[in-house]
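[1] Fold the following.
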Amino acid sequence: MNVKIDLDGNYDQTSVTIHAKEWSEELEQLVQMINGSQRKRLIGMEGAQSVLLHPEDIEYVYSESGKVFAVMGKRSVELKMKLYEVEEYLKSYQFGRFSKSVIGSINHIQKFELSFNGNLCVYFTSGNKEYVSRRYVRSLKEQLTGGGN
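    As a prediction, the model looks like this:
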């Protein structure tokens, strides 16, 4: 992506023009970010208390027994959203699908290992680990190397 900024005191307001060959998810995220239409935090439940979660702090989100949980280090907080809703919300924060029941933050990945059955084992900076099913390995590798969204 090529970014050009033209600063001039004669402009009355800020204007953004995007030139692209075709519409993409990356452009969608960029437009949402520019328009400020992103929510800043998620609300989770920890016992009887509601807690605010910053997307940047979340390592991964998983679904288990019909409930959805966000994991930050050793802390796990229940979210009152469906996994696909959380995935859509967190896309612009560089989260990707790891398996049918897990989405994870690309920014929190420290290292990964390829296992003999084709799955990836992803290690997060906190020491937590999660597995990426074969179906999602290619798209995750593209995101890690900057080829994806």
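[2] chain center to the lowest-mean-pLDDT helix or strand in the chain: distance?
    Among the helices and strands of the chain, helix 25-35 carries the lowest confidence by mean pLDDT, DSSP states H and E, at a mean of 76. Centroid displacement of helix 25-35 relative to its chain, using C-alpha atoms, centre = their mean, to the nearest Å, is 14 Å.
[3] Let me see the contact set for the spatially most central residue of the chain.
    Nearest residue to the geometric centre of the chain (C-alpha atoms, centre = their mean): residue 95, 2.0 Å. When contacts are counted by C-beta atoms under 8 Å, 6 or more residues apart in numbering, residue 95 is found next to 55, 58, 61, 87, 103, 104, 105, 106. Backbone N, C-alpha and C define where each C-beta goes, glycine included.
[4] What segments of this protein are helices?
    Assigned by DSSP state H, the helices in the chain fall at 25-35, 83-90, 134-144.
[5] CA-only coordinates of the shortest one in CSV, if you can.
    If I follow you right, that is helix 83-90. Taking C-alpha atoms only, helix 83-90 is exported to CSV below (Å, rounded to 0.1, in the frame of the first residue of the first chain):
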residue,chain,number,x,y,z
LEU,A,83,-17.7,-16.3,18.0
TYR,A,84,-18.5,-15.1,14.4
GLU,A,85,-19.5,-11.7,15.8
VAL,A,86,-16.3,-11.4,17.8
GLU,A,87,-14.3,-12.5,14.7
GLU,A,88,-16.0,-9.8,12.6
TYR,A,89,-15.4,-7.2,15.3
LEU,A,90,-11.7,-8.1,15.8
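[6] pLDDT weak spots in this structure?
    Residue ranges of the chain with pLDDT under 70: 36-39, 147-149.
[7] And the strands in it?
    Assigned by DSSP state E, the chain shows strands spanning 42-46, 49-53, 60-64, 67-72, 75-79, 95-99, 102-105, 109-114, 120-124, 129-132.
[8] contacting residues around residue 122?
    By C-beta under 8 Å, 6+ apart, the residues touching residue 122 are 98, 104, 109, 111, 112, 129, 130, 131, 132, 140.
[9] Please apply the same query to residue 71.
    Counting by C-beta under 8 Å, 6+ apart, residue 71 has contacts 58, 59, 60, 61, 62, 128.
[10] Tell me the bridge partners for the third one.
    Meaning residue 60. residue 71, residue 104 (DSSP bridges).
[11] Now do it: how many residues are near it, please.
    23 (other C-beta atoms under 10 Å).
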